[in-house]
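Asker: sequence plus predicted model, see below.
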Amino acid sequence: MKSVQSERDANDLMRRYMRGGKIVLKGCIAVRSDLVEILRKVRTSKIDPATNWFDQHNFGSFEHSGEWFCWEIEEELSLEDNQFYRVLTIMLADQY
């Protein structure tokens, strides 16, 4: 079983450097002209203890250009190689 610290470190690596898994952009985020700014805000967003009950740094939200966005990191099992990967999903808050 993984420790909370190792989960937090892996999630921070995924969020800050976009490494260690895959990124999913929900809705129309992938075609937005301000995608680079949105990704920068995901990388630099502060972790709110009120929304990270288990201190794993796996959820966050932020405001950008008058809209609220959120991101979430989960583990997903790959059926191809039977390994777990991190999935960082970025979406508008009303899609959560």
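Answerer: On my side now, so go ahead.
Asker: can you give me the buried ones in the lengthiest helix in the chain?
Answerer: Ranked by number of residues, the top helix in the chain under DSSP state H is helix 4-17. Within helix 4-17, the residues scored as buried using 16 or more other C-beta atoms under 10 Å are Glu7, Arg8, Ala10, Asn11, Asp12, Met14, Arg15. Glycine gets a C-beta too; all of them are placed from N, C-alpha and C.
Asker: tell me the buried residues in the lengthiest strand in the chain?
Answerer: As assigned by DSSP state E, the longest strand anywhere in the chain is strand 67-77. Of the residues in strand 67-77, Phe69, Cys70, Trp71, Glu72, Ile73 count as buried by neighbour count, 16+ other C-beta under 10 Å.
Asker: try stretch 44-62
Answerer: By neighbour count with 16+ other C-beta under 10 Å, stretch 44-62 contains the buried residues Ser45, Ile47, Gln56, His57, Asn58, Phe59, Gly60, Phe62.
Asker: pLDDT averaged over that stretch, what's the number?
Answerer: Mean pLDDT, stretch 44-62: 90.
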